[in-house]
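A.B. asks: when you get a sec, could you give me coordinates for this:
(chains A and B)
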Amino acid sequence: MVEVSLERVTKRFGRVVALDQVSLVFEDGKFTALLGPSGSGKTTLLYIIAGIYKPTSGRIYFGGEDVTDLPPNKRNVGLVFQNYALYPHMTVYDNIAFPLRLRKLPESKIDRKVREVAKMLRIEELLDRYPSQLSGGQQQRVALARALVKEPTVLLLDEPLSNLDALLRVSIRAELKRLQKDLGITTIYVTHDQAEALSMADTVVVIDRGRVQQVDTPQNIYNRPRNLFVATFIGSPPANVLYARLTEKNPSLACVEVNKARFCFEGERAARLSRLGGEEVVLAFRPERARLGTEPRSDMLSIPAEVYVVETLGRENVVTLVVGASMVKVVTPPSQVPRLGESYYVLVDPRDVMLFDPVTELNIDYIEA
Amino acid sequence: MRPRVNPALFFLLPALTLIAVFYVVPLALSIYIGFTPLRNWNIAGGYLSQVTLENYERLFHMVMYDPDIGKVVATTVVFTVVTLAVNVLGGLALALTMYLMDLSGRELSLGFRTLWMLPRMTPIAVYSLMWYYFFLPGEEGILNSIAMRLGLIDEPVNWGNDPDLLPYGAWAILVVVNGLVGVSFGMVVFYAALRSIPREQIVAARVDGASTLHLVLYILIPQLRWHITYVTVWQLLSLLTTYAHIFLLVEWGAVDEFWGSNWALYVFNKAFALGESDQGLAAAAATILVLIGAGLGVLALRLMGFGRMMAEPRGEV
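C.D. replies: Numbers count the residues shown, from 1 in each chain, chains lettered A, B, ... in the order given. This is a model prediction of the structure:
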């Protein structure tokens, strides 16, 4: 078990910059999720850690050891893929035994290890089958067994659950998290599914266009996004974004105006808002942290809006409203079903309003004075 | 009510007609002519109505006692086996090389693959003519002039006819000329098959600790098993019946008439050569070739486990 750290890692494919000066530390024994949209560079990052790709520049360390120039077979990593990548011409047993046979371990030791890991993943009765005779979930267990049988120092998972059906995904999710905790193996998990990342990981790394956007706990990623990308990428539906005008910029009182609604911040927030360069600020809030009211409230941001679409989901309703030229979504309880065209006030507690610099897109809470 | 005639037959009819006219009828005619003493295309001469086993008896005697026919039989066996090995193993080696070149990142192999396709794209006569000049016996022959300049030989060599070099000289020429045409077929099939292996398997094997040799032996070649079977059987049958390049090489005198002829060419010459021709004997010889080809084909499929490939998969998929 080691700590994995990257130092200013850059990877270019021709003119495309897949990773741009990425510096990260994956803590020893922790479960870290790499979360990003497709094409963000997360799989490239994983392959660089595995040694499949060499970084264009930068260093990679396992523990204290510089592994940048080591080939994959010298790094002792386990890798699991979205499409399982089992060898179709080998039985489950031979698939799992393959890495051990390449290490030229004695056959008796191989047998013991294969049966041990098969028992742990409950695939003992499948050992003499071929991959084509297994279901997706079974194949993924075999792939996991093949990765774990080498007792790797780092376990790398590349969207391992994406090919499974929704129900299976949720049950394997829990199992995988438990397995990781039991083994205490440093695990890096690539996914584009925020539910997977937030539910399983100790630490989430949000990555976009080859750059790290935020490294934090799932709670902070959700509640305190570092920038506008993280705010709008995370959440289902994601955070609402509105451009507001700064009408008052005093360190003790800063006021914003959006769609004729005015609201003033005091204290720390006011001080931070007053330091912004321009006359604009970006407001963001989560759909489930807003309410719909018929009257404005003085202690809340109260934005007049008109109902555009109502989606009834049973447990809740997602209401889309028009605010000036923008749309916002608000989650309402099932009892509250607004009708199309009705006018409401979207009410948001100021503590749930996130503020971003329109130029740098940084959350003002993160801007150093 | 179900129609009495399967409607599928209606759609199959055009194709079935073509197959009947161009394959089944000629096959039946050939076999029949093999049992008649038809000569010099004298179809009106009444030969066609005399059914006899004479052709087969003659062939048997010729194979047993005629040294020239013995040479043709030996050439057929050696040429087919060696060229088959060159085609399959060479195609495999080329495909693996191209594939590993591509694995390194950029698609480097396109140019090389095109190069290897050239012999197949070149008209047979042009291609054979190039080799004719290459092996030309005089000083102006390309091989001779290169070898002489390098000081390997003092006098020009008659590669395909020199009695000291026979039969190996003639055989080598046949194998080189046909092998270079056939190798691209295996290469294309194997390369396409390799490309269809998911990249993740290669990455997985690398992470599992596989060297390039391990990768080739344990991951790539085992997955080409059925493709190797297919190419082997296909090339075996096509080599047994090929004669176009060989015909030209013999005709132009690049190789010895008998050490440079295979059975298929012998059949062709017997049936269609100018002057005396013996269609009955040729048809009988062709029938024997077809029987041998079919037998070897079935045997090869058996040995390589074709039955298991076609079997229903076990368990859930």
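A.B. asks: ok, now which ones touch the closest residue to A:Asp193 other than its chain neighbours?
C.D. replies: In space, A:Asp193 comes closest to A:Ser162 once its chain neighbours are excluded; the distance is 7.1 Å by C-beta to C-beta, 6 or more residues apart in numbering or on different chains. Bear in mind the C-beta positions are built from the backbone N, C-alpha and C, glycine included. Applying C-beta atoms under 8 Å, 6 or more residues apart in numbering or on different chains, one finds that A:Ser162 lies in contact with A:Gln82, A:Thr191, A:His192, A:Asp193.
A.B. asks: just among the residues you listed, which is most surrounded?
C.D. replies: A:Thr191 (24 neighbours; other C-beta atoms under 10 Å in any protein chain shown).
A.B. asks: show the pLDDT at that one.
C.D. replies: For A:Thr191, the pLDDT comes out at 92.
A.B. asks: in contact with A:Arg209, which residues?
C.D. replies: Neighbouring residues of A:Arg209 by C-beta under 8 Å, 6+ apart: A:Asp20, A:Gly39, A:Ser40, A:Gly41.
A.B. asks: so what's the residue count around the third one?
C.D. replies: Put plainly, it is A:Ser40. Using other C-beta under 10 Å, the number of residues around A:Ser40 comes to 23.
A.B. asks: could you do the second one as well?
C.D. replies: Around A:Gly39 sit 14 other residues, with neighbours defined as other C-beta under 10 Å.
A.B. asks: against chain B, how distant is the residue nearest to it when sequence neighbours are not counted?
C.D. replies: What sits nearest to A:Gly39 in space, not counting adjacent residues and going by C-beta to C-beta, 6+ apart, is A:Arg209, at 7.9 Å. In this structure, A:Arg209 and chain B are separated by 22 Å, where distance is defined by C-beta to the nearest C-beta, to the nearest Å.
A.B. asks: with A:Val322 instead?
C.D. replies: Separation of A:Val322 from chain B (C-beta to the nearest C-beta) stands at 46 Å.
A.B. asks: one more: A:Leu127?
C.D. replies: 13 Å.
A.B. asks: please name the strands paired to the helix or strand hosting A:Thr32 in the sheet, noting orientation.
C.D. replies: In the assignment (DSSP states H and E), A:Thr32 maps to strand A:31-35. Strand partners for strand A:31-35, identified by DSSP bridges, are recorded as strand A:186-191 (parallel), strand A:203-208 (parallel).
A.B. asks: need these in a markdown table with distance to A:Val114, can you?
C.D. replies: Written out in a markdown table, the entries for the strands paired with strand A:31-35 read as follows (distance: least, C-beta to C-beta, whole Å):
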| stretch | distance to A:Val114 |
| --- | --- |
| strand A:186-191 | 22 |
| strand A:203-208 | 32 |
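A.B. asks: okay, the ones you listed, which one's buried deepest?
C.D. replies: Greatest average neighbour count among the strands paired with strand A:31-35 goes to strand A:186-191 (a mean of 26), per mean count of other C-beta atoms under 10 Å in any protein chain shown.
A.B. asks: need the contact list for A:Asp128.
C.D. replies: Residues counted as contacts of A:Asp128 (C-beta under 8 Å, 6+ apart) are A:Thr91, A:Val92, A:Tyr93.
A.B. asks: name the member of those with the most neighbours.
C.D. replies: Of all the contacts of A:Asp128, the most densely surrounded is A:Val92 (27 neighbours; neighbours counted as other C-beta under 10 Å).
A.B. asks: re earlier: angles on the backbone of the residue nearest to A:Gly39, please.
C.D. replies: The phi/psi pair for A:Arg209 (degrees, to the nearest 10) reads phi 50, psi 40.
A.B. asks: helix, strand, or coil at the residue nearest to A:Asp193?
C.D. replies: What DSSP: H, G, I helix; E, B strand; the rest coil gives for A:Ser162 is coil.
A.B. asks: next one: the one 5 residues further on
C.D. replies: Applying three-state DSSP to A:Leu167 yields a three-state assignment of helix.
A.B. asks: poorly predicted segments of the chain, please.
C.D. replies: All of this is about chain A. Along chain A, segments meeting pLDDT under 70 span A:369.
A.B. asks: other chain: chain B
C.D. replies: Within chain B, the set of residues satisfying pLDDT under 70 comprises B:1-3, B:105-106, B:274, B:307-317.
A.B. asks: which non-adjacent residue is nearest the most centrally placed residue in it?
C.D. replies: Residue closest to the mean C-alpha point of chain B, counted by C-alpha atoms, centre = their mean, is B:Leu239 at 2.0 Å. The shortest distance from B:Leu239 to any non-neighbouring residue, by C-beta to C-beta, 6+ apart, is to B:Thr80 (4.8 Å).
A.B. asks: rewinding a little: now flag whichever of the contacts of A:Ser162 is closest to A:Arg315.
C.D. replies: Comparing the contacts of A:Ser162 against A:Arg315 with C-beta to C-beta places A:Asp193 closest, at 19.8 Å.
A.B. asks: just confirm A:Val241 is within a strand.
C.D. replies: Yes - residue assignment for A:Val241, taken from three-state DSSP, places it within a strand.
A.B. asks: mind listing the residues bridging to it?
C.D. replies: Per DSSP bridges, residues listed as beta-bridge partners of A:Val241: A:Ala284.
A.B. asks: what's near enough to touch it?
C.D. replies: Shown in contact with A:Val241 (C-beta under 8 Å, 6+ apart): A:Leu228, A:Ala231, A:Thr232, A:Val282, A:Leu283, A:Ala284, A:Ser326.
A.B. asks: how near is it to A:Leu127?
C.D. replies: According to C-beta to C-beta, to the nearest Å, A:Val241 and A:Leu127 sit 53 Å apart.
A.B. asks: same check on A:Glu3?
C.D. replies: A:Glu3 is 35 Å from A:Leu127, by C-beta to C-beta.
A.B. asks: in TSV: the contacts of A:Ser162, plus secondary structure and distance to B:Asn55.
C.D. replies: Conversion of these to TSV gives the following (DSSP: H, G, I helix; E, B strand; the rest coil; distance: C-beta to C-beta, whole Å):
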residue	secondary structure	distance to B:Asn55
A:Gln82	coil	65
A:Thr191	strand	75
A:His192	coil	74
A:Asp193	coil	75
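A.B. asks: let's see the strand holding A:Thr32 as CSV, backbone CA atoms only.
C.D. replies: The C-alpha trace of strand A:31-35 is given here as CSV (Å, rounded to 0.1, in the frame of the first residue of the first chain):
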residue,chain,number,x,y,z
PHE,A,31,-10.6,5.5,-2.1
THR,A,32,-10.3,8.4,-4.6
ALA,A,33,-12.6,9.0,-7.4
LEU,A,34,-11.6,10.8,-10.6
LEU,A,35,-14.7,12.5,-11.8
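A.B. asks: pull the residues that contact that strand.
C.D. replies: Residues outside strand A:31-35 that contact it (C-beta under 8 Å, 6+ apart): A:26, A:42, A:45-46, A:177, A:180-181, A:187-192, A:194, A:196-198, A:200-207, A:233.
A.B. asks: the closest residue to chain B within the stretch 201-350 of chain A: what's it in contact with?
C.D. replies: Shortest the stretch 201-350 of chain A-to-chain B distance, computed as C-beta to the nearest C-beta: residue-wise this is A:Gly210, at 18.5 Å. By C-beta under 8 Å, 6+ apart, the contact set of A:Gly210 is A:Lys11, A:Val17, A:Ala18, A:Leu19, A:Asp20, A:Val22, A:Ser40, A:Gly41, A:Thr44.
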